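# Just need the structure, nothing else, for what follows:
(2 chains)
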There are 2 protein chains.
Amino acid sequence: MTRMTPEEFRTAAHTLVDWVADHRARIPELPVEARTRPGEIRAALPEHAPEQPEPLADVIADLEQIVVPGITQTQHPGFYGWFPSNASLASVLGDIASSGVAALGITWQSAPALTEVEQVVTAWLRELCGLPADFHGAIQDTASTGTLVAMIAARERASGLSEDRGGLQAVDAPLVAYTSGHAHSSVPKAVLLAGFGRENLRFVDVDPVTYAMRPEALAEAMAADVDAGRRPAVVIAAVGTTGTCAMDPVRAIVDVAREYGAWVHVDAAMAGSAMLLPEMRHLFDGTELADSLVWNPHKWMGTILDCSLLYVRDVDHLVACMSTTPSYLKSAADEQVVQYKDWGIPLGRRFRALKLWFHLRLEGAEAIRARLRRDLENARWLAAQIEAAPGWRVLAPVDLQTVCVRHEPEGLTGEALDNHTLSWANALNVSGAAFVSPSILDDRWMVRISIGAEPTERADVEALWDRLRAAV
Amino acid sequence: MTRMTPEEFRTAAHTLVDWVADHRARIPELPVEARTRPGEIRAALPEHAPEQPEPLADVIADLEQIVVPGITQTQHPGFYGWFPSNASLASVLGDIASSGVAALGITWQSAPALTEVEQVVTAWLRELCGLPADFHGAIQDTASTGTLVAMIAARERASGLSEDRGGLQAVDAPLVAYTSGHAHSSVPKAVLLAGFGRENLRFVDVDPVTYAMRPEALAEAMAADVDAGRRPAVVIAAVGTTGTCAMDPVRAIVDVAREYGAWVHVDAAMAGSAMLLPEMRHLFDGTELADSLVWNPHKWMGTILDCSLLYVRDVDHLVACMSTTPSYLKSAADEQVVQYKDWGIPLGRRFRALKLWFHLRLEGAEAIRARLRRDLENARWLAAQIEAAPGWRVLAPVDLQTVCVRHEPEGLTGEALDNHTLSWANALNVSGAAFVSPSILDDRWMVRISIGAEPTERADVEALWDRLRAAV
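Next up, the predicted model:
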């Protein structure tokens, strides 16, 4: 098998998708967390590339024996770690269609369907989330990238398109970025990559009970910077945060930011899926006034990675920052089409809209909402059990699907309590039946239980609660 | 069909991969260039997302009737546009495996296999390209992103990790970037996004015959900047350029850059595949001394988009720029594993190494090299025909697979010649049998014929030459 023909592909692909179906069916029997030792997989693979073709059967055998055991199974009903990272099988089909069509997205002309299906599905999702029509969406690989794009757009707005002059090296007053200390690590990373510098990044105080950003603290920080000759350029509101899924108050943040002309970026990477539920939109109040928003259908909603959406309101400004087409080359045709290359960093793009298209069409919005509601109910149920159990504590509001928990036996404090927490979390994880993420809150270890894996039903959460009590 | 089960997936996936095989088989009968009118595809799709599930047959019918006609067929034997954008069916299988495994790559721990297979295949390719062992590779989505990462790394080296202080807003001398005026548009874009500013971006003169960067002009530009109090931070050498596939002389460029302590980044996005051929490596002489290199297996080599490789030598510096882990949280385990999140922008990554793994294993390196050599011979053959034909001209050296051509009838010059060029190129493109990219060289339109689509054989190039002569 050298250059594979379509008929050879047909045979091989049937074998492979059978393997995929079998694999997905047996995931509940696998340990959730990978048990690989560092270097183990490298050692199992040849040092040099093959000169001659190998049979597909050998490659699939290696998938089975080397690759699968080396993966933490996010599609497992016992996966409660990090964020949900669902890969609905409907969206997997869309991903396969994308690979099969093999389109090259560099300009509208290179693949009009790639651009226009992306326009359509990002508009569908905007509407499903109740966002206003002036939010224009594009697919990014991840929220890290979308947030970096937003930071660059904010930088260029605050500096009057300094990239066309001396760049950030010639601004007259340092631009400053603000976020909560509970923001995701991708937020400070994006601020630093955009060139602001750590001295111009403020971590604004959060409320001690809700862990949400305090708008008064934001106002004070901005005023102090202005007094010192600096310019507030951008605020990143986390809705919700990584640690506890706290919801920064966007409306109040927008009010403060507007006073200083600062860009407001909303990071709703995980929790944004809750905007699909009208009854949860109050948590996102004010988001409709933000300048940009990132949320990841590839997390809780379940469109397979990588599928992050960046919505911006001022597309003309974004294009001015990102376009590589000098103005004198613009033509009448450009006015009629979207050139997504000018909405982000990469020139070339995969046809990622197909996985959203397949996901939404094969499941329908109603079923997606029903699943999210199931997860909210499961989280409320678990939080209620924990609150009612002696020695157990829920440590932060359970607005959505994240439950932050600690078991606090009588008299155990400080490092001893930390050791106890890490010990039972570790016991749970090594059991292979469930996976949770220990995390630090107020300088003490606690355990985040992030409910929302697609296959996780109430019975699984009940089993988890039994295991939690057995582990301590 | 709401939440799709593995068995429902199995049935659907068999149907879908049959469609993919049929589609790939009939591509030669499709027009190469999409004939879509702006807005046509959007108008064919519903305004609102479906609330209820739709049958797979409807989605596949839309793929067939709406999507496929809206795609310029880069897998067509008559595709000579832009760059080759091959999607070998072996790599499509790898992409399907990646979707099927549905791994979440955020840290080594989240999917050790994803990290370690990526280490292995990037090392295989490094060796196949004859690059030194201190080149460490990671997969990026595209060269645009890889180049931006390199620009940030260069910025941080020249500024002594300014991101940890006042960022680019507090450098004492403006950092300057240098590239050829023939560099790809992603290069100036990356420089601007990294915050350098257009006033600190130099387009260095090229040789009037080879269109390669003149190292003496680079040395002069750097000296002038230093005299003016600026600091040369980075040179981007294009190997080869977009317009004519000119090969900037990397060794001489490195010599100049070293005098000023500037980072050297090599953009070999398209042409890098030629490094797989030992007999062509003289064109890349000096690349082994560069600080970073980007090349795209998703172009000529044919691993389906998106699969761009960024190699860097000083990984510790790259991690210092990109890491989100404060130093006091580093542990002994970190020393044993690679955390690719710290090698680029996104935190989350797909298992893209699988498409390289499948491609290399199912085809073998020998077959890949044979195909590249076939393309080089086809380009030389076509260039020889053109040079021997009265009225036709080859406009730039044909070092690799790009042939830049003009038909110059007696007495036709200036705008009239431009109109003639655009007219015959357009006639060829609208015929649907072939697709070429008109481009501007020395202020005059010419036609780039980029040979290297996977199915393009000598007979196709012969037919192209017939069509070229018939079109003028």
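
# Go ahead and confirm A:Arg371 touches A:Thr456.
No. Judged on CB atoms under 8 Å, A:Arg371 makes no contact with A:Thr456 at a distance of 9.7 Å. For glycine as for every other residue, the C-beta is placed from the backbone atoms N, C-alpha and C.

# State the number of residues packed around the residue lying closest to A:Asp285 once chain neighbours are set aside.
Closest residue in space to A:Asp285, ignoring its immediate chain neighbours: A:Arg251 at 5.1 Å, by CB to CB, 6 or more residues apart in numbering or on different chains. Neighbourhood size, A:Arg251 [other CB atoms under 10 Å in any protein chain shown]: 15.

# repeat for the one 10 residues further on
Residues within reach of A:Gly261, counting by other CB under 10 Å, total 11.

# and what of A:Glu363?
A:Glu363: 25 neighbours (other CB under 10 Å).

# right, and it touches B:Met4 too?
Yes. Contact status for A:Glu363 versus B:Met4: in contact at 7.4 Å, counting by CB under 8 Å.

# shared neighbours of these two, anything?
Common contacts of A:Glu363 and B:Met4, defined by CB atoms under 8 Å, 6 or more residues apart in numbering or on different chains, comprise A:Ser88, A:Ala90.

# What segments of the stretch 151-300 of chain A are helices?
A:186-193, A:215-227, A:250-260 (DSSP state H, counting those that start in this stretch).

# quick one, which of those helices is nearest to B:Ala353?
Set against B:Ala353 and scored by CB to CB, the helices of the stretch 151-300 of chain A come closest in helix A:186-193, at 22.2 Å.

# between that closest one and helix B:186-193, how big is the angle?
100 degrees (axes from the mean of the first three to the mean of the last three CA atoms, to 10 degrees).

# before we move on, back to that, so which of the helices of the stretch 151-300 of chain A gets nearest B:Leu400?
Taking CB to CB, helix A:186-193 is the member of the helices of the stretch 151-300 of chain A nearest to B:Leu400, at 33.6 Å.

# Any part of the closest one near chain B?
Yes. Using CB under 8 Å from any CB of the partner chain, helix A:186-193 reaches chain B at A:Ser186, A:Pro188, A:Lys189, A:Leu192, A:Leu193.

# And for the fourth one, the neighbour number?
What that stands for is A:Leu192. By the criterion of other CB under 10 Å, A:Leu192 has 26 neighbours.

# List the residues that contact it.
Applying CB under 8 Å, 6+ apart, the residues near A:Leu192 are A:Arg198, A:Leu201, B:Glu163, B:Gly167.

# Okay, strands next: where are they in the stretch 101-250 of chain A?
A:136-140, A:175-180, A:201-204, A:231-238 (DSSP state E, counting those that start in this stretch).

# elements contacting the second one?
Translated: strand A:175-180. In this structure, strand A:175-180 packs against helix A:143-158, helix A:186-193, strand A:201-204, helix A:215-227, strand A:231-238, with contacts taken as 3 or more CB pairs under 8 Å, 6 or more residues apart in numbering or on different chains; DSSP states H and E.

# Quick check: closest non-adjacent residue to the most centrally placed residue in chain A.
The centroid of chain A falls nearest to A:Ala269 when counting by CA atoms, centre = their mean (4.0 Å). In this structure, A:Ala269 finds its nearest non-sequential neighbour in A:Ala143, 3.8 Å apart by CB to CB, 6+ apart.

# Count the neighbours of that neighbour for me.
A:Ala143 has 29 nearby residues by other CB under 10 Å.

# and if you look at A:Gly130?
14.

# Got the confidence number for the residue nearest to it when sequence neighbours are not counted?
Nearest residue to A:Gly130, sequence neighbours excluded (CB to CB, 6+ apart): A:Arg281, at 5.6 Å. According to the prediction, A:Arg281 has pLDDT 98.

# so A:Arg281 touches A:Val239, yeah?
No. A:Arg281 lies out of contact with A:Val239 (CB under 8 Å); the separation is 11.1 Å.

# That'll do, ta.
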